[in-house]
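*Asks:* quick check, what structure comes out for this input:
(chains A and B)
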Amino acid sequence: GAVVSQHPSRVICKSGTSVKIECRSLDFQATTMFWYRQFPKQSLMLMATSNEGSKATYEQGVEKDKFLINHASLTLSTLTVTSAHPEDSSFYICSASRQTQYFGPGTRLLVL
Amino acid sequence: DAKTTQPPSMDCAEGRAANLPCNHSTISGNEYVYWYRQIHSQGPQYIIHGLKNNETNEMASLIITEDRKSSTLILPHATLRDTAVYYCIGADQTGANNLFFGTGTRLTVIP
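*Replies:* Numbering: from 1, shown residues only, chains lettered A, B, ... in the order given. Below is the predicted model:
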């Protein structure tokens, strides 16, 4: 149990385009989901906390208008990177919380 | 969340027990000790957590000192697939708060 999926697993896009990443808790309901970002050889850094039915809470330095988060149901949260630039290239990881946090496999984004 | 300190790297021979230490001297009374690991290019995998009693599951054992200032994760028979970065994190059990991932311990299991 406690499986979290992410789609897509990797994506390549052109600079200026938008990319949507989906995070799903497959076998449990999660009132809270988290989005993290990990640059090469660095640890995970929290971007935002998402609660079902309410606006996400963003960490300092994370632009809410650039990283749009929607948590429409207890099993789905989406992260949209708008007007992506090469510096947004990173490994994006979500987690869903059922007391313990369970992580998705991550999405590798490459912006050309 | 409590700050944790872990050695940056460790090696372990395949088939031997891997003992990964963690210091968390500032952990508060309601914070659990969580262990996750991250295999290269994957999301973190939950391993085990505990409050003050020792815990064991199919993956590992967690030994927490009586004063709760440190703990040890034990992988009883390390395999090559256990090579990963292991993170020790102090957090409450509500699941509502983010996990602070420090630098972790890079465990290399050697054939």
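
*Asks:* ok, now which ones touch residue 94?
*Replies:* Since you didn't name a chain, this refers to chain A. Neighbour list for A:C94: A:4, A:6, A:21, A:23, A:33-36, A:77, A:79, A:103-104 [criterion: C-beta atoms under 8 Å, 6 or more residues apart in numbering or on different chains]. C-beta coordinates here come from the backbone N, C-alpha and C atoms, glycine included.

*Asks:* look at chain B instead
*Replies:* A:Q99.

*Asks:* again, only this time at 6 Å
*Replies:* Going by C-beta atoms under 6 Å, 6 or more residues apart in numbering or on different chains, B:T94 touches no other residue.

*Asks:* for chain B, state which of the contacts of A:C94 is nearest.
*Replies:* Using C-beta to the nearest C-beta, A:F103 is the member of these that lies nearest chain B, at 3.9 Å.

*Asks:* what does chain B put close to chain A?
*Replies:* Taking C-beta under 6 Å from any C-beta of the partner chain as the criterion, the neighbours of chain A within chain B are B:42-44, B:46, B:93, B:95-96, B:98-99, B:101, B:103.

*Asks:* ranking the residues you listed by neighbours, who comes first?
*Replies:* Using other C-beta atoms under 10 Å in any protein chain shown as the neighbour test, those are led by B:P44, with 28 neighbours.

*Asks:* find the residue closest to the residue positioned nearest the centre of chain A in space, skipping its chain neighbours.
*Replies:* When C-alpha atoms, centre = their mean is applied to chain A, the residue found nearest the centroid is A:W35 (4.0 Å). By the measure of C-beta to C-beta, 6 or more residues apart in numbering or on different chains, the closest residue to A:W35 outside its immediate chain neighbours is A:M47, 4.6 Å from it.

*Asks:* what pairs with the host helix or strand of that neighbour, parallel or antiparallel?
*Replies:* For A:M47, the enclosing helix or strand under DSSP states H and E is strand A:45-51. According to DSSP bridges, strand A:45-51 has the following sheet partners: strand A:32-38 (antiparallel), strand A:57-58 (antiparallel).

*Asks:* now do the contacts for the residue nearest to the centre of chain A.
*Replies:* A:47-48, A:79, A:94 are the contacts of A:W35 under C-beta under 6 Å, 6+ apart.

*Asks:* show me which of those is closest to A:I12.
*Replies:* Nearest to A:I12 among these is A:L79, at 16.8 Å by C-beta to C-beta.

*Asks:* bridge partners for that closest one, pull those for me.
*Replies:* A:I21, A:I69.

*Asks:* mind listing what it touches?
*Replies:* Contact criterion C-beta under 6 Å, 6+ apart gives A:21, A:35, A:69 as the residues in contact with A:L79.

*Asks:* ok, A:K66 to B:I63 distance?
*Replies:* When C-beta to C-beta, to the nearest Å is applied, the distance between A:K66 and B:I63 equals 44 Å.

*Asks:* go on, B:Y36?
*Replies:* Taking C-beta to C-beta as the measure, B:Y36 and B:I63 are separated by 17 Å.

*Asks:* equivalent analysis for A:T75, please.
*Replies:* In terms of C-beta to C-beta, A:T75 sits 35 Å off from B:I63.

*Asks:* next one: B:T79
*Replies:* Here B:T79 is placed at a distance of 21 Å from B:I63 (C-beta to C-beta).

*Asks:* ok and the lengthiest strand in chain A relative to strand A:32-38, angle-wise?
*Replies:* Residue-count comparison of every strand in chain A, with assignments taken from DSSP state E, identifies strand A:90-98 as the longest. Relative orientation of strand A:90-98 versus strand A:32-38 (axes from the mean of the first three to the mean of the last three C-alpha atoms, to 10 degrees): 160 degrees.
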